[in-house]
Each structure stands twice: as C-alpha cells, then as structure tokens.
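1. after the sequence you'll find the predicted model.
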Amino acid sequence: MFFLLICTIPFGLISQFNFLPSLSSPILADIVAQLSLVIIVLGALLMMFKVLPDLDFHRVFIRKSGVLPEFFKGAVIGLLTMVFCALLLYLNGNVGFQKTAISWDNVCLYLIYFLLISVFEEFLFRSYPLFALSERYPLWFAILVNGLLFAFAHFANPGITVLGIINITLAGMLFALYTLQKHQIAWAVGVHFAWNFTQAVVLGYNLSGNEMSGFVKAVPKGADFLSGGKFGIEGSIFCTIFLLGIISWLVYKKGFGFVEVVDTKLEDKEL
C-alpha cells in the first residue's frame, strides 16, 4: 500500500495541475485513468521486487509464457459464466431485455477499458498480496482473505447489497483459485475481463451497481435477490449458486493449487 501511494503521487500532481488537456469523451477519460492505475500497480510491484530481491514477476504469477492462450481460455469461462447466469434469470422471469443502440467505436473503447480494469485489479489483488498470503497461511484461508479484500474495494459501489458483497467475494476467490492452480495470472485477467464486458456491454446489466451501455439493456424483474436489482447480475442468488458450484468443482478436481515459498523461515508447501 505504501508503494502504491508513492506511485500515485506523480499522477495526482498531473491531475491537480492540469498538465494534460481534458478529454471530451468520458470513456476516453476512464481509459486514461485505468491506464494510470495499471502503471501505478506495476511501479509498486517493481519496488517490492527491489526490497525483496527473491521475488519477481514470475514468482507472483505474472508470467510471459502462454499469456494469450491462457487469457482467451479464461475469457471463454467468464463469457459462459455470465451468459449462463443471465439465461437462468431469463428463464425464471427475472430479467427482460430491451434493444438499444451502441456504436462500434464505443464497443472497441469498452474492450480496452475493461481489459485495463481487469489487468489493474488482478495485478493489484492476485499478484504479490495473494502470494504473500499463500506463502504464510493455508491456501483456503489465503483465497478467502483475498476474496474479502477484493469485495472490500467495492464497498462504495452504488446500490451495494449483501448478496452483491457475497458474490464479489466469491468472484475474487474464483480469480485467486485460478491463479494458484494455473500459476498464471492471465487466466484470472481473462475471466475478469469477459465477466465485466459480457455483463455490461453484451447483456446491458449494471456492473456492480454502475450503469453501463450495451447492445441491449437488461431490465430486472421481481425480487432484487433473484433479479439482482440495480446492482446487476452480481446481486442475484443465481450468481451466488453458480459461483459456489464453479469453486467447489475446481477445488474437487485440482485442490487449492500450490505456492513456491521463498521465505527460508517457512516450509515449502503444496496442496
């Protein structure tokens, strides 16, 4: 957190003194902001590696090999997860869809925007923090705490609900589980990216309470705990059940993954 704060200072000064021209397009401004956050988290990680020379990008799951194949595999999982959840809601009568208009220029910009969000949040939560927790505590506990930290970062989202917090925690646990099993953060980035893009742009749901524009507009129907209400599909009990099912299946098939301990005071462990 200290290194993140240090890396934030230059961008804060740029914003405070208006060194850069303002952007007329809100989505372009959001892209620039997210790109700044990606640079900040990368800078903080490099500082960590300087302080702890036994660590590098490879050890905290950020690996060059297999990036694109693993990313696209994760993206397919994220896409199918959202489509299946939306299908359950639709068949149960808890959502309707209205046709809307969105330009392909905006679709491309949203692709970049959501990619940057997924890179920033995964590098922030599923790199060094996940490694540090997994090195010192049982992996199930590290995964749970990592999911709770991820949910805590979304507490200020508009329309937040108890189910919303539970589902964001479970989503964070899913991303952490994939990272520990694959030792490649690209999986989590892919799932996270497709999860957000499909939910917001393809299906037109509110994204964690934030209203988005898409090819269609999802209109919740019935009780909020079923439809997700204004918070979006992440506020639905159907999402809870589906996430619990995926996590349980992954743990049953491959366990909690493993971590290579670099602290000589700790025992090497594998689960």
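-> The structure has been received and is ready for your questions. Numbering: from 1, shown residues only.

2. off-centre distance for stretch 33-41?
-> 15 Å (Cα atoms, centre = their mean, to the nearest Å).

3. same question, stretch 204-214
-> 15 Å.

4. for stretch 25-33, same thing?
-> How far stretch 25-33 lies from its chain's middle: 19 Å, per Cα atoms, centre = their mean.

5. what lies in contact with it?
-> Stretch 25-33 is touched from outside by 22, 23, 106, 109, 110, 112, 113, 116, with contacts defined as Cβ atoms under 8 Å, 6 or more residues apart in numbering. Yep, even glycine has a C-beta here, placed from its N, CA and C like the rest.

6. ok, which pair from those is furthest apart?
-> Pairwise distances across the contacts of stretch 25-33 (Cβ to Cβ) peak at 20.6 Å, for the pair 22 and 110.

7. burial measure for residue 215, as a count.
-> If you count neighbours by other Cβ atoms under 10 Å, residue 215 ends up with 14.

8. can you pull the contacts of it?
-> By Cβ under 8 Å, 6+ apart, the residues touching residue 215 are 99, 100, 102, 201, 202, 204.

9. quick check, nearest of those residues to residue 125?
-> The closest of the contacts of residue 215 to residue 125 turns out to be residue 201 (Cβ to Cβ; 23.0 Å).

10. could you check how many residues crowd around that closest one?
-> Neighbours of residue 201 using other Cβ under 10 Å come to 22.

11. doesn't it belong to a helix?
-> Yes - counting by DSSP: H, G, I helix; E, B strand; the rest coil, residue 201 falls inside a helix.

12. does it really touch residue 212, like I thought?
-> Yes - when contacts are counted by Cβ atoms under 8 Å, residue 201 is listed as touching residue 212 (6.8 Å).

13. compare neighbour counts for residue 22 and residue 110 and give me the winner.
-> Neighbour totals were compared for residue 22 and residue 110, and residue 110 leads with 21 against 6 (other Cβ under 10 Å).

14. point out where the stretch 101-250 of the chain drops to low pLDDT.
-> For the stretch 101-250 of the chain, applying pLDDT under 70 flags no range at all.

15. can you pull out the strands in it?
-> For the stretch 101-250 of the chain, the strands identified by DSSP state E, counting those that start in this stretch occupy 216-220, in order along the chain.

16. what are the boundaries of the helices in it?
-> In the stretch 101-250 of the chain, helices defined by DSSP state H, counting those that start in this stretch lie at 104-125, 128-136, 139-152, 162-182, 185-197, 224-227, 237-254, listed in chain order.

17. among those, which is the most enclosed?
-> For the helices of the stretch 101-250 of the chain, the largest average neighbour count (mean count of other Cβ atoms under 10 Å) is found in helix 185-197, namely a mean of 27.

18. residues contacting residue 83?
-> By Cβ under 8 Å, 6+ apart, the residues touching residue 83 are 198, 203.

19. ok, the one 3 residues further on next?
-> By Cβ under 8 Å, 6+ apart, the residues touching residue 86 are 95, 203, 205, 218, 233.

20. doesn't it lie inside a strand?
-> No - Residue 86 is assigned helix when assessed by three-state DSSP, not a strand.

21. quick test: name the residue nearest the centre of this structure.
-> Nearest to the mean C-alpha position of the chain, by Cα atoms, centre = their mean, lies residue 192 at 4.3 Å.
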